[in-house]
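> Provided below are the primary sequence and the corresponding predicted coordinates.
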Amino acid sequence: QVFEAGRHAAALGPRFRLRAMPPSQRRVLVIGGSFAGLCVARDLKDHYLVTIVDAKEFFEYTPGVLRAYVKPKHLDALTFTLYPVIEGRMGCK
């Protein structure tokens, strides 16, 4: 199965044609490990090899941070390290 790379690839000749990868080797890069990024990765992980990148190593439920000001022990319930969840539970990288 061959598909064209871009709108004008056919005019550029066979040198610019790409071979489709088998579904088991297709990769997706998800940028952002917050709510939307984790949901997208979860939904796509059964069909693609998913990699998640984020600027932080931890997830933070930002709306709850204000509560941590008055109850500092509550901060542990608002944050967790992303690595064990992404690799261990979700099976992504």
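Received the coordinates, thanks. Residues are numbered from 1 along each chain as shown.

> Helix or strand with the lowest mean pLDDT in the protein?
strand 2-4 (a mean of 41; mean pLDDT, DSSP states H and E).

> What residues sit buried inside the lengthiest helix in the chain?
If you go by DSSP state H, the chain has its longest helix at helix 35-44. Buried residues in helix 35-44, counted by 16 or more other CB atoms under 10 Å: 37, 38, 40, 41, 42. Using the backbone N, CA and C atoms, a C-beta is placed for each residue, glycine as well.

> same thing with stretch 48-62?
Within stretch 48-62, the residues that count as buried by 16+ other CB under 10 Å are 48, 50, 52, 54, 59.

> I'd like these laid out as TSV, including distance to residue 90.
TSV is the format used below for the buried residues of stretch 48-62 (distance: CB to CB, whole Å):
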residue	distance to residue 90
48	13
50	8
52	8
54	13
59	12
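
> Strands - which of these land there?
50, 52, 59 (DSSP state E).

> And the pLDDT at the last one?
Translated: residue 59. If you check residue 59, the pLDDT there is 85.

> can you pull out the helices in this structure?
9-12, 35-44, 65-70, 75-78, 82-83.

> Other residues contacting the shortest one?
Right, the one you point to is helix 82-83. 33, 52, 54, 56, 57, 58, 59 (CB atoms under 8 Å, 6 or more residues apart in numbering).

> Nearest to residue 76 among those residues?
The closest of the contacts of helix 82-83 to residue 76 turns out to be residue 58 (CB to CB; 11.4 Å).

> The closest one: what's it in contact with?
Contacts of residue 58 (CB under 8 Å, 6+ apart): 79, 80, 81, 82.
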